[in-house]
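J.: coords please:
(3 chains)
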Amino acid sequence: MSISLASVSEQLAVPYQGDGACVITGVASIEDAKEGDITFLANPKYKNLLQDCSASVVILSSKNQDAWSGNALISDKPELTFALVARNFLKQKPSEPGIHPSAVVDPTASIHETAVIGPNVVIEYGVSVGARSHVGPGCVLLSDASIKEDTTLVANVTIYDDVQIGSRVLIHGGSVIGSDGFGNAKDGEKWVKIPQLGRVIVGDDVEIGANVAIDRGAIKDTLIGNGTKIDNLVHIAHNVQVGEHCAIAGLVGIAGSAKLGKNVAIGGASAMTGHITICDNVMFTGMSMITRSTREPGVYSSGMPAEPNAVWRKNVARFRRLEKLENKLKEMEDRLKSFEAEKV
Amino acid sequence: MSISLASVSEQLAVPYQGDGACVITGVASIEDAKEGDITFLANPKYKNLLQDCSASVVILSSKNQDAWSGNALISDKPELTFALVARNFLKQKPSEPGIHPSAVVDPTASIHETAVIGPNVVIEYGVSVGARSHVGPGCVLLSDASIKEDTTLVANVTIYDDVQIGSRVLIHGGSVIGSDGFGNAKDGEKWVKIPQLGRVIVGDDVEIGANVAIDRGAIKDTLIGNGTKIDNLVHIAHNVQVGEHCAIAGLVGIAGSAKLGKNVAIGGASAMTGHITICDNVMFTGMSMITRSTREPGVYSSGMPAEPNAVWRKNVARFRRLEKLENKLKEMEDRLKSFEAEKV
Amino acid sequence: MSISLASVSEQLAVPYQGDGACVITGVASIEDAKEGDITFLANPKYKNLLQDCSASVVILSSKNQDAWSGNALISDKPELTFALVARNFLKQKPSEPGIHPSAVVDPTASIHETAVIGPNVVIEYGVSVGARSHVGPGCVLLSDASIKEDTTLVANVTIYDDVQIGSRVLIHGGSVIGSDGFGNAKDGEKWVKIPQLGRVIVGDDVEIGANVAIDRGAIKDTLIGNGTKIDNLVHIAHNVQVGEHCAIAGLVGIAGSAKLGKNVAIGGASAMTGHITICDNVMFTGMSMITRSTREPGVYSSGMPAEPNAVWRKNVARFRRLEKLENKLKEMEDRLKSFEAEKV
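T.: Got it, this is the predicted structure:
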């Protein structure tokens, strides 16, 4: 794949400086770029790296234009422009529409004629697959599941009964959508399963990473809003409602019936209690322990960063002595007060 | 599906009030219930929601009976009664006993004639599958694995060699039971794998969520007790022993050779050190860092709930200043003492 | 399987004491060993358990030789010697080289004649599988992926396009290697996907547990060094570089572009921020929150171990009062100072 700077500029309606005939043959980071590569500067603190950069084209904002005299695309959103440029270099995989002979497709399923059903796929009764959607090798779609247009399930994905997946959704390998929620009622010592009768509804333009698990609702449906991006190994429990354009990083767990607004970002390995509500435009940093509803947009955090083991041990011990510390302080204040009283 | 209030009352031996001929056609939460739905009140703090509830039937305890004058099932365990009622509304999936032609089943495997072996299943030599068990699409059972009666593996589940699964077990999509434990011995700089020669034994009435991983024992077996419920994305390491009727929520990790008693509940995203013992009837709240054995039943917790980032930053800094704080306090006490001494 | 003590001693070039003709028929822990079993003592604190041990052979170091008068292998690395002995007792699975008739293999793929391609495997175009490698049931290898010699993918593993797997690698069930990194650029309210154009390169002698997810690089490749061992449910994000002989325990998450040196060990359920660098020979204990680069080898830790809920609640409250505590202390010091000033 190769494309000229002028073509890219036209394609994206982003102005360029320098030689429009310059040919771009690949993408790279600032440090690794060599002739033919296009790269981008998003964070001004890496500006000085441009001095030794061998890229043929750099995407940068007009504010940083002084740092680079070579060929450039001038964009106020360099990362976004890079994302759009990079699409030109995605591997093109040939794939014929149709159902692979090794796939097992129930005759009642409705498969659009432009859809691709890969090898060893299993599709149960009543399933529907929309136009240009791609169901990769080893995927299983249980009864009455539906996926709309231009959606891709990469491989070994499991979609449970009645789950609805929107358009332009991308689901990575091994993910499971629609498994039973973790609902059990106590009967003496024993747990009795509460049937999980809801569905999962995944909106449009959602991306779901590898080995994710999203449970179906107990009574209501579990909802994933349009444009939301979910990383690998995320657990979303029953009845959870995730708003639009959220970003949920790897190994996050969201407990049952939690409700997230729009544009909520959750850092990796955070965990959220059930039955709480997070308002729009909230960000949690990584490993947050999210136990309370939020009503104010902003950044929230918790956790103690790792320190050398000996320091940590002492701090844990001090933490446990906090009660004594408070008591001692109170006692001293009393002694001080009695002094002050005497003085008067 | 529809069923009358009187029939449900008889089915479950739970008394009703109101019109026994009332027809129930679905289940719903108190807020969402409409005519035809049955719902339940478990937590009295939601009592006031019943004022605007349109359900045809409410399950509630005699203590809360005053809050609802309509049709009701009167049960001291409303959630349990609901669980049993809701079974009537589970989707009935037709499935013929037998082995799907696309399944690859070794001739030495013993498959009960009433079992269902789905499409693209792979069953190796020596495997046994009991009566009425259901092995869903894409599941793999490696050599000499066995599953007893009335057990369901939903789809894309992997059961390793020699693993034993009990009766009435439900395993959700993508789970892996019997993978090698993480056992390595150092040989200079290198790790040498310690062969993992034990098995996994899963008891009866166990439920295992989606994308769970349970490792086989190194020498002993890994054990999951009867009636235990395991949520999604849980990691159980080699030689772990989980007692009966435990509940392990999503993203919990249990390290090697830990031993859990009966009726242990572990909140989501908690992690347990290896080689410790947890007594019966212990509950850990979410995100607990479980590093010591417990000998007393009760609730245990750890972690600092998320706060606004600015507050958190200050608290982390203060935590790191605890040593100075203690020292300062000691110094002031000395000064105070010298005062007091002078006074005398 | 049975083997004499003398044979094992010769096989491993480790001296023995006692009866060389003694026949070993199995392995067991010190507590469970019965006649015929070989066991090992690694940690001297368990020395006293040898008094009641019924093992036929014990592996122990010369330092502990006094604790056991029976048959023994004398090794300075008892655990390593045990690992090597135990290999004799691994189940031998018969497997014919060749491609199972149910596998779907693109004609352009290059499969070594000694490789085993199991049932229901899917192999896309351009894939290569080396000598004696074993691709288990339900695995999917997308286009141009390659695996070298003597590598095993157990079952239901997904290898994405262009991913390269080394020799003598073992990948457990359900793992996904090469899924897209979590890269998105903001365009107003919306997320725009950044194409993930790098690969994953897995070195030789790596082990990867069950349901792991390793993302491909965004521009660069994601790298897993030779000899590194990865446990279950680990998330490794795009562009991460893991050095040689690392050990990464279950449920660890490593964010994008983090760089680990050699011989780094990460305890279970730890999470690492992106774009940081960890030097060689660092160990993090379980549940560490790793937010800063390390330049010094050693052990690092964070987190507060679980305590009884009532104690924890009070400590959290005290933690939140730390500001008041500091202020109070400062105020008292001022009062004390004014006293001291007066005195003079």
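
J.: just the helices in the stretch 51-200 of chain A please.
T.: A:78-86 (DSSP state H, counting those that start in this stretch).

J.: what's the single longest helix in chain A?
T.: helix A:322-343 (DSSP state H).

J.: wait, what's in contact with the residue nearest the centre of chain A?
T.: By CA atoms, centre = their mean, chain A has its centre lying nearest to residue A:230, at 2.9 Å. Residues near residue A:230 by CB atoms under 8 Å, 6 or more residues apart in numbering or on different chains: A:206-209, A:212, A:224, A:236, A:248. To be clear about C-beta, it is placed using only N, CA and C from the backbone, and glycine gets the same treatment.

J.: go with 7 Å
T.: For residue A:230, the contacting residues are A:207-209, A:212, A:248, by CB atoms under 7 Å, 6 or more residues apart in numbering or on different chains.

J.: Same question for residue A:253.
T.: Residue A:253 touches A:235, A:271-272, B:250-251, B:268-269, counting by CB under 7 Å, 6+ apart.

J.: Compile these into TSV and extend it with columns for distance to residue B:2 and neighbour count.
T.: Shown next, in TSV, are the contacts of residue A:253 (distance: CB to CB, whole Å; neighbours: other CB atoms under 10 Å in any protein chain shown):
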residue	distance to residue B:2	neighbour count
A:235	35	28
A:271	40	28
A:272	37	28
B:250	34	29
B:251	39	30
B:268	37	28
B:269	41	29
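
J.: ok, the contacts of residue A:230 vs residue C:50, which is closest?
T.: residue A:212 (47.6 Å; CB to CB).

J.: which ones are touching that closest one?
T.: Here residue A:212 is in contact with A:175, A:230, A:232-234 (CB under 7 Å, 6+ apart).

J.: Adding secondary structure and pLDDT, write those out as TSV.
T.: TSV is the format used below for these (DSSP: H, G, I helix; E, B strand; the rest coil; pLDDT from 0 to 100):
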residue	secondary structure	pLDDT
A:175	coil	98
A:230	strand	98
A:232	coil	98
A:233	coil	98
A:234	coil	98
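
J.: quick one on the thing from earlier: not counting the longest helix of chain A itself, show me its contacts.
T.: With contact meaning CB under 7 Å, 6+ apart, helix A:322-343 is reached by B:326, B:329, B:332-333, B:336, B:339, C:314-315, C:318, C:325, C:328-329, C:332, C:335-336, C:339.

J.: Same check on stretch A:22-35?
T.: For stretch A:22-35, using CB under 7 Å, 6+ apart, the contacting residues are A:2-5, A:8, A:36-39, A:41, A:46, A:49-50, A:53-57, A:71, A:86, A:89, C:197, C:219-220.

J.: CA-only coordinates of that stretch, as CSV, when you get a sec.
T.: Taking Å, rounded to 0.1, in the frame of the first residue of the first chain, the C-alpha atoms of stretch A:22-35 are listed here in CSV:
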residue,chain,number,x,y,z
CYS,A,22,5.8,12.4,-1.2
VAL,A,23,4.8,8.8,-1.1
ILE,A,24,3.7,7.3,2.2
THR,A,25,4.2,3.5,2.5
GLY,A,26,3.7,2.8,6.2
VAL,A,27,3.1,4.1,9.7
ALA,A,28,5.4,4.2,12.7
SER,A,29,6.1,5.8,16.0
ILE,A,30,8.3,9.0,16.0
GLU,A,31,11.3,7.0,17.3
ASP,A,32,11.0,4.1,14.8
ALA,A,33,9.8,5.9,11.7
LYS,A,34,12.0,5.6,8.6
GLU,A,35,11.7,6.9,5.1
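
J.: Is it correct that residue A:5 is in contact with residue A:71?
T.: Yes: if you go by CB atoms under 7 Å, residue A:5 and residue A:71 touch, sitting 5.6 Å apart.

J.: which residues are in contact with both of those two?
T.: Joint contacts of residue A:5 and residue A:71 (CB under 7 Å, 6+ apart) are A:16, A:19, A:22, A:57.

J.: Among these, which ones are in strands?
T.: A:16, A:57 (DSSP state E).

J.: Got a quick ChimeraX command for the buried subset of the shared contacts of residue A:5 and residue A:71?
T.: A single ChimeraX command selects the buried members of those (16 or more other CB atoms under 10 Å in any protein chain shown):
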select /A:16,22,57
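
J.: Format the shared contacts of residue A:5 and residue A:71 as JSON lines; extra columns: pLDDT.
T.: Below are these laid out as JSON lines (pLDDT from 0 to 100):
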{"residue": "A:16", "pLDDT": "97"}
{"residue": "A:19", "pLDDT": "97"}
{"residue": "A:22", "pLDDT": "97"}
{"residue": "A:57", "pLDDT": "97"}
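
J.: would TSV of the shared contacts of residue A:5 and residue A:71 with distance to residue C:287 be doable?
T.: Below are the shared contacts of residue A:5 and residue A:71 laid out as TSV (distance: CB to CB, whole Å):
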residue	distance to residue C:287
A:16	49
A:19	53
A:22	50
A:57	44
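
J.: quick check, nearest of the shared contacts of residue A:5 and residue A:71 to chain B?
T.: residue A:57 (36.9 Å; CB to the nearest CB).

J.: The closest one contacts residue A:5, correct?
T.: Yes: taking contacts as CB under 7 Å, residue A:57 lies within contact range of residue A:5: 5.5 Å.

J.: any shared contact partners between the two?
T.: A:22, A:24, A:71.

J.: What is the neighbour count of residue A:189?
T.: Using other CB atoms under 10 Å in any protein chain shown, residue A:189 is surrounded by 11 other residues.
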